[in-house]
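Show me how the following folds:
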Amino acid sequence: MTYLPLYRKWRSQNFDEIVGQEFVVQTLKNSITGKRISHAYLFSGQRGTGKTSTARIFAKALNCVKGPTPDPCGKCDQCEKIKNGHAVDVIEIDAASNRGIDEIRDLREKIRYTPIEGKYKVYIIDEVHMLTSEAFNALLKTLEEPPLHVVFILATTEPQKVPLTIASRCQRLDFRRLTNSEIISQLKKIGDTERVSIDDDAISLIARNSEGSLRDAISLFDQLISLCGQKIAHDDVIAVLGTANADLIFAFGDAMGKNDVALLFNLINRLIAEGRSIPQVTKEILMHFRNLMLVILDSGAVIEESKEHIEKLKEQSKLFSIESLKEIMRILSRAEVDMKWHPQTRLLLEVAIVEACSGRTAAPRKEQKPESKDIQVSAPKLSALREEVAAKAPTTKAPTSDISGIKAKWDEILNSVKKKNVFAYISLHEGRPESLSDNEKLVIGFGKGFAFHKGRLEEDSSRQAVEAALKEVVGRDIKIECVIETASPKPEASPSKVAELFGGKVIS
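Numbering: from 1, shown residues only. Just a heads-up that it's a prediction; the model follows:
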């Protein structure tokens with residue numbers, strides 16, 4: 001017997017089985033009972049929230065032998081064919097692969113023919129936002145005044161890309177993302193039926209990582225069953241996701257609260273050794289600091305964790321202030337976005353940790369009498385003191401007047417930038433000084449594949465750090481301009497040049 005994935009096996013077959021979309025379900029039921037069936041619907045919402053399943057159920061409700069009815073029987077010939085995807089009057093079109101004007105013209109030709117078996121011809125166009133402008137224009141008139149026996153259901157994850165001329169001709173229904181509790185409830189139901197034992201912590205972690213998509217949650221659940229059999233533990237989910245366990249996340253929080261960079265780097269080494277996913281761990285750390293902020297604010301926002309976990313959050317929150325948490329989350333969020341494009345995810349996390357810890361002191365603690373009379377100076381204060389002394393000291397650097405001088409001091413400039421802004425240093429390291437204009441503007445060139453670093457360096461904070469470093473090293477104010485280098489023309493390879501290169505001679 002062919003194996004059927006769980007997300008297909010547990011696809012909703014009637015309106016009552018749809019999870020978390022009560023508003024949509026009630027609207028469609030009322031439109032059937034009140035005989036107010038629209039000629040076109042626009043189903044919008046994120047992936048895995050039930051748009052296609054609801055469209056098929058609505059097609060069943062229209063074409064069921066008892067229909068149109070809000071409660072299709074699921075047993076008649078039409079219901080069975082729609083369930084199995086064999087109904088000739090229910091046409092599903094994938095707009096991602098059939099997005100051109102020819103496909104829509106073909107649809108317009110066939111739409112005028114009456115249904116062969118059912119009462120309605122239902123066109124379900126999935127990912128409709130992928131249609132071309134020409135295809136949308138071809139669909140426009142047909143969508144506005146289709147034959148009475150036709151119902152359009154347009155499904156999309158990006159409703160903002162659907163032209164207003166199309167959207168205004170549809171009845172729009174928005175599918176909301178599911179809550180963790182709704183996903184957990186459904187997964188427990190599936191687990192009981194499939195006779196799978198799963199820890200509460202494990203099922204909660206699956207729900208959190210599905211980000212409101214029931215299909216993603218069921219697919220991950222299915223993968224875990226394939227890996228672990230009929231018993232799934234919390235550590236199994238951690239291993240599949242590549243994330244860190246709760247103890248490691250709390251260890252990150254403690255180390256960050258105490259500005260212990262050495263411990264933080266050791267924790268990253270541990271993650272690498274265990275084969276964890278750095279982007280996934282960064283995401284979990286961000287959520288942890290978000291929970292710490294909610295605990296401090298005590299705003300009544302729901303934290304979907306166990307009571308024991310929340311108590312540990314309350315204890316750890318004493319290490320932070322709201323301002324420090326906001327700064328940490330801002331830096332880590334930026335690093336998480338950068339990880340999508342940068343191959344060195346570990347480097348980005350390490351740089352973000354250094355930036356989050358530098359210039360930030362731990363939350364005020366209870367006053368304690370020093371055990372000794374030795375004066376202890378923290379690293380940030382010592383660094384600030386050195387900068388103050390350096391600023392007051394007379395400079396002995398000779399001004400650099402041309403591009404060759406700047407190139408000679410480029411390593412020194414890079415080191416100065418690194419002390420001021422680590423992100424600016426990373427981006428500047430990928431560029432190189434090209435020319436210095438008469439109006440004191442330094443042109444920094446980047447290769448074609450380094451547009452990201454060029455953009456980063458053009459941000460105010462990065463640009464200011466570089467210009468400050470130039471003044472410090474070169475001895476005067478110099479502005480920067482970033483450009484993408486064009487490919488230089490290939491030199492002509494004449495016989496004489498080739499002979500000269502290889503130490504040979506030209507034989508005529």
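
Quick one: low-confidence residue ranges for the protein.
1, 300-302, 359-401, 486-506, 508 (pLDDT under 70).

At the geometric centre of it, which residue do we find?
Val337 (7.2 Å; C-alpha atoms, centre = their mean).

For whichever strand or helix holds that one, name the packing helices and strands.
Element membership for Val337 (DSSP states H and E) is helix 322-338. Using 3 or more C-beta pairs under 8 Å, 6 or more residues apart in numbering; DSSP states H and E, the elements in contact with helix 322-338 are helix 278-297, helix 345-357. To be clear about C-beta, it is placed using only N, CA and C from the backbone, and glycine gets the same treatment.

got the angle between the last one and helix 322-338?
I take that to be helix 345-357. 160 degrees (axes from the mean of the first three to the mean of the last three C-alpha atoms, to 10 degrees).

Just give me how far helix 345-357 sits from the chain centre.
In terms of C-alpha atoms, centre = their mean, to the nearest Å, the centre of helix 345-357 is found 19 Å from the chain centre.

Would you mark the buried spots in that helix?
Of the residues in helix 345-357, 345, 348-353, 355-357 count as buried by neighbour count, 16 or more other C-beta atoms under 10 Å.

and those residues, which two are the farthest apart?
Pairwise distances across the buried residues of helix 345-357 peak at 18.9 Å for Thr345 and Cys357 (criterion: C-beta to C-beta).

could you pull out the strands for this protein?
40-44, 90-94, 121-126, 150-156, 171-174, 197-198, 231-232, 432-436, 441-446, 479-484 (DSSP state E).

Pull the residues that contact the third one.
In other words, strand 121-126. 52, 55-56, 58-59, 62-63, 89-96, 107, 111, 113-115, 131, 147, 149-155 (C-beta atoms under 8 Å, 6 or more residues apart in numbering).

That strand: partners in the sheet, and parallel or antiparallel?
Strand 121-126 has the following strand partners under DSSP bridges: strand 90-94 (parallel), strand 150-156 (parallel).

repeat for the last one
Neighbouring strands of strand 479-484 in its sheet, by DSSP bridges, are strand 441-446 (parallel).

Name the surrounding residues that touch the partner strand.
So strand 441-446 is contacted by 403, 406, 428, 430-437, 453-454, 457, 470, 478-485 (C-beta under 8 Å, 6+ apart).

Swap in 10 Å and give it another go.
403, 406, 413, 427-428, 430-437, 452-455, 457, 466-467, 470, 474, 478-486 (C-beta atoms under 10 Å, 6 or more residues apart in numbering).

That one: which residues count as buried?
Quick answer for strand 441-446 (16+ other C-beta under 10 Å): 442-446.

With distance to Leu319 as added columns, please give those residues in CSV.
Putting these into CSV (distance: C-beta to C-beta, whole Å) gives the following:
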residue, distance to Leu319
Leu442, 43
Val443, 46
Ile444, 40
Gly445, 45
Phe446, 40
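
Out of those residues, the closest to Phe250 would be?
Phe446 (40.6 Å).

what's stretch 94-104 in contact with?
Counting by C-beta under 10 Å, 6+ apart, 93, 106-107, 124-140, 142, 154-156 sit against stretch 94-104.

ChimeraX command to pick out the buried ones of these?
In ChimeraX, a selection of the buried entries from the contacts of stretch 94-104 looks like this (16+ other C-beta under 10 Å):
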select :93,107,124,125,126,127,128,129,130,131,135,136,138,139,142,154,155,156
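
Cross the contacts of stretch 94-104 against helices and list the overlap.
Using DSSP state H, the members of the contacts of stretch 94-104 that fall in helices are 106-107, 133-140, 142.

circling back to that earlier point, show the buried residues in the contacts of strand 121-126.
52, 55-56, 58-59, 62-63, 89-90, 92-93, 95, 107, 111, 115, 131, 149-155.

For stretch 82-91, buried residues please.
82-83, 87, 89-90.

And it, how far out from the chain middle?
35 Å.

what do you get for stretch 324-344?
12 Å.

got it, and stretch 133-143?
32 Å.

What lies in contact with that stretch?
Contacts for stretch 133-143 (C-beta under 10 Å, 6+ apart): 39-40, 95, 98-105, 107-108, 111-112, 123, 125, 128-129, 131-132, 150, 152, 154, 162-163, 165-166, 169-170.

Touching, Asp77 and Val88? I think so.
No - counting by C-beta atoms under 10 Å, Val88 is not a contact partner of Asp77; they are 11.7 Å apart.

Spit out the residues that contact the two alike.
117-118.

With only the CA atoms kept, save the helix holding Val337 in CSV.
C-alpha atoms of helix 322-338 as CSV (Å, rounded to 0.1, in the frame of the first residue of the first chain):
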residue,chain,number,x,y,z
ILE,A,322,14.4,47.1,29.1
GLU,A,323,16.8,49.3,27.2
SER,A,324,19.6,46.6,27.2
LEU,A,325,17.1,44.0,25.9
LYS,A,326,15.9,46.3,23.1
GLU,A,327,19.5,46.8,22.0
ILE,A,328,20.4,43.1,22.2
MET,A,329,17.3,42.2,20.2
ARG,A,330,18.0,44.9,17.6
ILE,A,331,21.5,43.6,17.0
LEU,A,332,20.5,39.9,16.9
SER,A,333,17.6,40.7,14.6
ARG,A,334,19.9,42.4,12.2
ALA,A,335,22.4,39.4,12.3
GLU,A,336,19.5,37.0,11.7
VAL,A,337,18.5,38.8,8.5
ASP,A,338,22.1,39.0,7.4
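
Could you check the angle it makes with helix 278-297?
Using the same axes, to 10 degrees: helix 322-338 against helix 278-297 is 160 degrees.

For helix 322-338, buried residues please.
324-325, 327-329, 331-332, 335-336, 338.

of all these, which comes closest to Ile32?
Glu336 (44.7 Å).

Please name the residues that touch that closest one.
278-280, 282-283, 285-286, 345, 348-349, 352.

May I see those organised as JSON lines, with distance to Asp16 added?
Formatted as JSON lines, those follow (distance: C-beta to C-beta, whole Å):
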{"residue": "Ile278", "distance to Asp16": "43"}
{"residue": "Pro279", "distance to Asp16": "38"}
{"residue": "Gln280", "distance to Asp16": "36"}
{"residue": "Thr282", "distance to Asp16": "40"}
{"residue": "Lys283", "distance to Asp16": "35"}
{"residue": "Ile285", "distance to Asp16": "40"}
{"residue": "Leu286", "distance to Asp16": "37"}
{"residue": "Thr345", "distance to Asp16": "44"}
{"residue": "Leu348", "distance to Asp16": "47"}
{"residue": "Leu349", "distance to Asp16": "46"}
{"residue": "Ala352", "distance to Asp16": "47"}
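
Phe221: which of those is nearest?
Distances from Phe221 to the contacts of Glu336, taken by C-beta to C-beta, are shortest for Gln280, at 17.5 Å.

For burial, what's the neighbour tally of that closest one?
By other C-beta atoms under 10 Å, the residues close to Gln280 number 19.

The residue nearest to Lys161 when sequence neighbours are not counted: what's it in contact with?
Spatially, and ignoring its direct neighbours in sequence, Lys161 is nearest to His129 (3.8 Å; C-beta to C-beta, 6 or more residues apart in numbering). Neighbouring residues of His129 by C-beta under 10 Å, 6+ apart: 44, 95-96, 99, 136, 154-163, 166.

one more time with 8 Å, if that's ok
So His129 contacts 95, 156-159, 161-162 (C-beta under 8 Å, 6+ apart).
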